[in-house]
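K.L.:
here's my sequence, what's the structure:
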Amino acid sequence: MCDIERFDDSLFAILKECRTLPNFFDAVFGFLNRRTDFYVISTNSNSHVGLPEGFAERFVRNTFYKWKPKDLNKNEVPEAVIETEIETEVEIDDETDNNKGIAMKSDDIEGDLRKLNVENDKNVSDSYNGGVFDNYSWSQTISDVDVLIKTPFGVTSKDLIVAIHPNKISIKTKKSSLVLIEDELCNCVKNSEAIWSLDVSQRKLTVHLEKRSEIWWDCLLKSEPKLDLSKMDCSRPFEELPDEAQAKIEELQWNQERKRLGLPTSDEIKMRETLKKAWNAEGSPFVGDFDPSSVNFN
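P.N.:
Numbering: from 1, shown residues only. Next comes the predicted model:
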């Protein structure tokens, strides 16, 4: 994880140039469009280009709530996303703090668990590197987990009891004590950074969890069948790769573009520079003006 505060001065300079937040965001997302594969939809789990459908929106949403202040005044938040704390239990240990999970209040939702058809609601991003079950689905990246849970008729955010511990998750309704999901997690999470929200139109509860360690999970709950990690897309987003790996990928992309334009690659440029230095050196078989076209590079 990079130290993002080191970009503050550069970002502030861009913001001053843009003058307004809409222009700033337009510049950011325009850059993602022009210079990255952020908007490319990947249809093949083995592809290293693009993201699965819905992942780009999810990254933006999760990052928004990650940095959202927890003490915002009620009047400062749009009605559709009013923040409220609702008996969210958090078990504190040596690696957590007193911050509770964030809950988004929404209007009453309609429908019934028995009437919800899992097959009709399937989305590739909802179970990417994860699984789909009768009442919930989950997906993961190397650093976080997203859980999508079906909710019963008439349930609002005030009707839920959400308890997220480092190694366990429990979500129930208050009145009927209906268990929506409850079990030990496959691995530990940073429970103090958990985010959950109730969607009005989709009748779904979304839970975002940050992994304690950057490892791939073979299940969400210990009671689930194990996934085959060898068949999982274990690629990582470009920005999460080490600096050396990013530099190598950028060099490969640059060389591919040079080849497409019929221009020398980085290796060919280095070879020509070396040849130029040795052209008239003592013992060199070449004499006269430097002429790389007379040399056959293998």
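K.L.:
outline the domain layout of this protein.
P.N.:
Partitioning the chain according to automatic domain parsing yields domains covering residues 74-230, 241-278.
K.L.:
avg pLDDT for the first one?
P.N.:
If you average the pLDDT over domain 74-230, you get 72.
K.L.:
what does stretch 9-18 give?
P.N.:
When the per-residue pLDDT values of stretch 9-18 are averaged, the result is 85.
K.L.:
just the strands in the stretch 51-200 of the chain please.
P.N.:
Using DSSP state E, counting those that start in this stretch, the strands found in the stretch 51-200 of the chain span residues 83-84, 89-90, 102-104, 131-132, 136-140, 144-150, 160-165, 168-173, 179-184, 195-199.
K.L.:
give me whichever of the domains of the chain is most buried.
P.N.:
Ranked by mean neighbour count, those are led by domain 74-230 with a mean of 16 (mean count of other CB atoms under 10 Å). Just so you know, the C-beta spots here come from the backbone N, C-alpha and C atoms, and that holds for glycine as well.
K.L.:
any idea how far stretch 267-286 is from the chain center?
P.N.:
Taking the mean of its C-alpha atoms, stretch 267-286 sits 47 Å from the chain's own mean (CA atoms, centre = their mean, to the nearest Å).
K.L.:
distance between the ends of that stretch?
P.N.:
For stretch 267-286, the first-to-last residue distance is 21 Å (CA to CA, to the nearest Å).
K.L.:
likewise for stretch 173-186?
P.N.:
Terminal residues of stretch 173-186 lie 23 Å apart, using CA to CA.
K.L.:
look at Thr206 and tell me its secondary structure.
P.N.:
On the three-state scheme (DSSP: H, G, I helix; E, B strand; the rest coil), Thr206 is labelled strand.
K.L.:
how much space between it and Lys231?
P.N.:
Remark: distance between Thr206 and Lys231 (CB to CB, to the nearest Å) = 26 Å.
K.L.:
repeat for Phe24
P.N.:
In this structure, Phe24 and Lys231 are 41 Å apart, going by CB to CB.
K.L.:
look at the two and report which has more neighbours.
P.N.:
Set Phe24 next to Lys231 and count neighbours by other CB atoms under 10 Å: Phe24 wins out with 16 against 10.
K.L.:
wait, doesn't that one sit right on Lys16?
P.N.:
No: counting by CB atoms under 8 Å, Lys16 is not a contact partner of Phe24; they are 9.4 Å apart.
K.L.:
helix, strand, or coil at the residue nearest to Asp144 when sequence neighbours are not counted?
P.N.:
Counting by CB to CB, 6 or more residues apart in numbering, Asp144 lies nearest to Glu210, which is 5.3 Å off, once chain neighbours are set aside. When the structure is reduced to helix, strand and coil (three-state DSSP), Glu210 reads as strand.
K.L.:
swap in Leu32?
P.N.:
Of the three states, Leu32 takes helix under three-state DSSP.
K.L.:
so it touches Phe38, yeah?
P.N.:
Yes: contact between Leu32 and Phe38 holds when scored by CB under 8 Å: they sit 4.0 Å apart.
K.L.:
which of these two has more residues huddled nearby?
P.N.:
Counted by other CB under 10 Å, Leu32 and Phe38 do not tie: Phe38 has more neighbours, with 18 against 14.
K.L.:
ok, Ile41 touching Glu53?
P.N.:
Yes: when contacts are counted by CB under 8 Å, Ile41 is listed as touching Glu53 (5.3 Å).
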